[in-house]
Each structure stands twice: as structure tokens, then as C-alpha cells.
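> Here's a sequence, model it:
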Amino acid sequence: MATRLKSMATLPKLIQSMRNEVPKHSSPVLPSLRRAFSLYDQINLIDNVPEDQLRFQEFNETSFTVNGVKYEGSLLCVGNLLMSWSPRKFSEITTDSLSIFQTVRPIPELLIVGCGRNIHPVTPEVREFVKSIGMKLETVDSRNAASTYNILNEEGRVVAAALLPYGVTS
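You can find the predicted model right below:
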């Protein structure tokens, strides 16, 4: 019984000492939500594209800047390959100008046609030609075509873009 009384007397002192003791295994302080969001605001995933991937960075009336290199005129992109393309106006986009896609492997799932400044519908024979190869077709202005190509290419999808310079109006 004496042991019990001694334990009862010691218990309040033990509890008090535990309250005053600083834990030896303190965890690091987590940043506030405000600080966490400000750190995320500084991250730009688009800038972390591998060097071997094509990325449109700028455009003007007559050219595109791809991976830091300025290219004048129309461009054809397939996956991560870039080449000059012969059409200089929308009416020159024909099955012949897209015939390279008959030999390209793997076949891109989507062909994005950049029509210049304005969106134009392609001819039914061009649409049928693209469909017969096994691709889907999207026609948009060249600014949006370049942006869409960047996003899909960064996702690792096999896409192609046929782009007229932004200054082309017809």
C-alpha cells in the first residue's frame, strides 16, 4: 500500500514534467498554404520539355520560332521532326502537299492544320484523304494549331501539324 501511495504522489509530478518537456523528435514545420501556392506559381511545366521535343515558342506574320530557332514560311511537323512545307496560302493545301503522310510511320493520330490568321474548311477530297490514311483532322488558326501541337506532343501523343504562317489570310 505504501508503494501505491508513493506512486500516487509521483504521478502529478511525472505528468507536469512531461508537459514541460520539449519533444526530442519534433517534425519540421509545414509551410503555410499561402507559401505552398506561391511555390507552385513559380513552377512552369511547359519550360521543362526535353530538348529533343519540338516546341513552338513564338510566331509572327511570316515565321515560327521552334526550340529557339526561327523558321520562315510554312512548316510541317510530325512527332519531333520538323520540315519546310511548300504551301504558301490555304488554297495550296492539297492531297499532294500532304502526301508525305502516306509513308510516315507511325501514323499520327491527329493532323492539325494551321490555316494562317483565319480558320478555313479544307476541301472534301483533302478531308477524305486524311481519313483514308487513318488520321483525324483539325483545322484551326495557326496560333492555336501551334499551341495544340505543343500540348499533345508534350503528352507523348503522335501528332502532326501542317502550319501556314500567321500572316496568311486566304
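> Give me the most central residue, the chain.
Ile151 (3.2 Å; CA atoms, centre = their mean).
> Would you tell me what helix or strand it is located in?
helix 142-154 (DSSP states H and E).
> who's in contact with that helix?
46, 49, 53-56, 59, 64, 77, 79-80, 110, 112-117, 138, 140, 159, 161, 163-166, 168 (CB atoms under 8 Å, 6 or more residues apart in numbering). (Each C-beta comes from the backbone N, C-alpha and C, glycine too.)
> now do 6 Å
By CB atoms under 6 Å, 6 or more residues apart in numbering, the residues outside helix 142-154 that reach it are Val49, Arg55, Phe56, Ile112, Gly114, Gly116, Val159, Ala161, Leu163, Leu164, Tyr166.
> Among these, which one has the most neighbours?
Gly114 (32 neighbours; other CB atoms under 10 Å).
> On the strand side of things, show who it bridges to.
For Gly114, the beta-bridge partners are Val140, Leu163 (DSSP bridges).
> hang on, it packs against Leu163?
Yes - with contact defined as CB atoms under 6 Å, Gly114 counts as touching Leu163 (3.7 Å).
> Leu81: how many residues sit nearby?
Neighbours of Leu81 (other CB under 10 Å): 10.
> how close does it get to Ser91?
Distance from Leu81 to Ser91, counting by CB to CB, to the nearest Å: 26 Å.
> tell me the average confidence for stretch 146-156?
What stretch 146-156 shows for mean pLDDT is 91.
> actually stretch 59-70, not the one I typed
92.
> Spell out the residue ranges of the strands in the protein.
Along the chain, counting by DSSP state E, strands occupy 56-59, 63-66, 69-72, 75-78, 81-84, 110-114, 136-140, 159-163.
> from those strands, which stretch is densest packed?
Counting by mean count of other CB atoms under 10 Å, strand 159-163 has the highest mean neighbour count of the strands of the chain, with a mean of 26.
> ok and that one relative to strand 110-114, angle-wise?
With axes from the mean of the first three to the mean of the last three CA atoms, to 10 degrees applied, the angle from strand 159-163 to strand 110-114 works out at 20 degrees.
> roughly how far is strand 159-163 from the heart of the chain?
Here strand 159-163 is found 15 Å from its chain centre; the criterion is CA atoms, centre = their mean, to the nearest Å.
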